[in-house]
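# sequence first, then the predicted structure, then my questions.
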Amino acid sequence: MKTKELMMLGVTQEAAIKAAHSCVGNALASGMKQNEVKLKVKSIIADPNTYIADTTFSEFANAMIIANQSAKAYVYRDEPAPLNQWGIDLEESALTQIHNACKLPVSVAAALMPDDMAFPSEAYWLQIMR
């Protein structure tokens with residue numbers, strides 16, 4: 001499996017990708033079919049603990065366990081970043097989107113305003129991040 005395929009499946013840490021390449025190569029060399037390997041990799045991603053003792057894929061399973069443990073989840077800000085807003089009758093989805101963006105830990109400030117031709121809709125806003 002290629003790195004891009006693994007990343008699309010959710011394998012993003014370099015150590016887990018390297019372990020996957022090694023295990024996939026060993027599995028294919030031992031005669032396992034490509035589609036069987038892909039199914040096994042998907043299963044390991046979903047539940048790596050089940051495959052710790054697997055002779056071919058234990059390295060990948062252990063790497064996924066470590067990757068899952070070290071995955072960082074962000075915490076919303078206690079107070080949203082300051083928001084300057086211009087215009088009236090703005091789309092509800094645009095307001096929701098900018099208010100959610102202001103809660104992100106990387107947000108410093110935000111501005112929401114209509115342009116010359118349209119009132120703000122989703123993605124017509126500016127978020128200032130650190």
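Ah, there it is. This structure is a prediction, so every number in the text was calculated from the model and none was measured.
# show me the contacts for Lys18.
Ala63 (CB atoms under 8 Å, 6 or more residues apart in numbering). To be clear about C-beta, it is placed using only N, CA and C from the backbone, and glycine gets the same treatment.
# average pLDDT across the longest helix along the chain?
Secondary structure of the chain per DSSP state H: the longest helix is helix 14-29. Helix 14-29 shows a mean pLDDT of 96.
# go through that helix and flag the buried ones.
16-17, 19-20, 23-24, 26-27 (16 or more other CB atoms under 10 Å).
# so Ser22 sits right up against Phe57, yeah?
No - between Ser22 and Phe57 there is no contact under CB atoms under 8 Å: 9.8 Å.
# still on that earlier bit, what's the following helix or strand after the longest helix of the chain?
helix 34-46 (DSSP states H and E).
# against Ser70, how distant is Ala15?
Ala15 is 10 Å from Ser70, where distance means CB to CB, to the nearest Å.
# what of Ala81?
For Ala81, the distance to Ser70 - CB to CB - is 27 Å.
# sweet, I'm off.
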